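[1] take a look and give me a structure for this.
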Amino acid sequence: MKILAEVDAARSEGAVGEVLRREGLYSSLITQWRHQRDAAALEVMPGQRRGRKAKSAEAVEVERLQGRVAELEAQLEVAEELIAAQGKVFGLLGQMRHQSPEPQ
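    Numbers count the residues shown, from 1 in each chain. Down below sits the predicted model:
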């Protein structure tokens, strides 16, 4: 296992080959050792599922609600901009009405 750990830790170019030559090993043996190591690790933890853990129902609901809040905040921002624009238009129309001559 010491050799396998050394091979796995080798990062520089040619470092794996150097370890294999020094120990008189072939790369196929390293591959076989890795498979054996991984199989043993799976046998030790047979009840554990691999991959990401499933999200709880509460976490899913929180994400859904956070998304909905973001949508509603975006809609609120648009509505506030429209209200501000309507107020400006109303103000301009009021100014134009006071500045224009009264029809006779």
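[2] can you list the domain ranges for the chain.
    2-44, 54-104 (automatic domain parsing).
[3] comparing these by mean pLDDT, which bottoms out?
    Lowest mean pLDDT of the domains of the chain: domain 2-44, a mean of 82.
[4] adding mean neighbour count, write the domains of the chain out as JSON lines.
    C-beta: built from backbone N, CA, C; applies to glycine. What follows is these, written out as JSON lines (neighbours: other C-beta atoms under 10 Å):
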{"stretch": "domain 2-44", "mean neighbour count": "12"}
{"stretch": "domain 54-104", "mean neighbour count": "9"}
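[5] roughly how far is the top helix by length along the chain from the heart of the chain?
    The helix that spans the most residues within the chain, counting by DSSP state H, is helix 57-99. Distance, stretch centre to chain centre, for helix 57-99: 29 Å (C-alpha atoms, centre = their mean, to the nearest Å).
[6] report all helices and strands that it contacts.
    On a contact count with 3 or more C-beta pairs under 8 Å, 6 or more residues apart in numbering; DSSP states H and E, helix 57-99 meets no helix or strand.
[7] 8 is where my numbering starts, stick with that
    OK, 8 is where the count begins now, so the last one is helix 64-106.
[8] now residue 73: how far from residue 66?
    As judged by C-beta to C-beta, to the nearest Å, residue 73 and residue 66 stand 11 Å apart.
[9] same question for residue 84.
    27 Å.
[10] again with residue 106
    60 Å.
[11] ok, residue 93 next?
    41 Å.
[12] please identify the helix or strand for residue 23.
    Take DSSP states H and E as the rule and residue 23 turns out to sit in helix 22-30.
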